[in-house]
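any chance you could fold what I've pasted below:
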Amino acid sequence: MDEPRTIPAGPRDRLFAAVTLVLAVLLLPAAFACRPGRARELACRWALRMRFPAEELTGLT
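Have a look, this model is predicted:
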């Protein structure tokens, strides 16, 4: 009964999520060159930083 309410994702949010995912995949080779063991994590971090440039993303999983 006391479940938190969430705002449903709109078309723009879904588009931004898809673009961020594509960007992370495109950044994967560069991230692999920098850190072969953690390439996926690094590419995702870079993509999220581009999507949310003013946010502090440290500690997010």
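
show me what counts as buried in stretch 44-61.
44-48 (16 or more other CB atoms under 10 Å). For the C-beta atoms, the positions are set from N, CA and C on the backbone; glycine is no exception.

output those in CSV; the columns should cover distance to residue 12, secondary structure and pLDDT.
Below are the buried residues of stretch 44-61 laid out as CSV (distance: CB to CB, whole Å; DSSP: H, G, I helix; E, B strand; the rest coil; pLDDT from 0 to 100):
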residue, distance to residue 12, secondary structure, pLDDT
44, 21, helix, 91
45, 23, helix, 89
46, 22, helix, 92
47, 17, helix, 92
48, 17, helix, 88
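
switch these over to a markdown table; also include distance to residue 17.
Formatted as a markdown table, the buried residues of stretch 44-61 follow (distance: CB to CB, whole Å):
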| residue | distance to residue 17 |
| --- | --- |
| 44 | 12 |
| 45 | 16 |
| 46 | 16 |
| 47 | 11 |
| 48 | 11 |
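
ok, so of the residues you listed, who is nearest residue 7?
residue 48 (19.6 Å; CB to CB).

just say helix, strand or coil for residue 56.
Secondary structure of residue 56, reduced to three states by DSSP: H, G, I helix; E, B strand; the rest coil: coil.

which element is residue 7 on?
Under the criterion DSSP states H and E, no helix or strand holds residue 7.

gap between it and residue 32?
36 Å (CB to CB, to the nearest Å).

what of residue 16?
From residue 16 over to residue 32 (counting by CB to CB), the distance is 25 Å.

sorry, back to before: neighbour count for residue 7 and residue 32, which is higher?
residue 32 (15 against 6; other CB atoms under 10 Å).

what's the burial count for the residue lying closest to that one once chain neighbours are set aside?
Nearest non-adjacent residue to residue 32, counting by CB to CB, 6 or more residues apart in numbering: residue 39, 3.9 Å away. Close neighbours of residue 39, defined as other CB under 10 Å, add up to 17.
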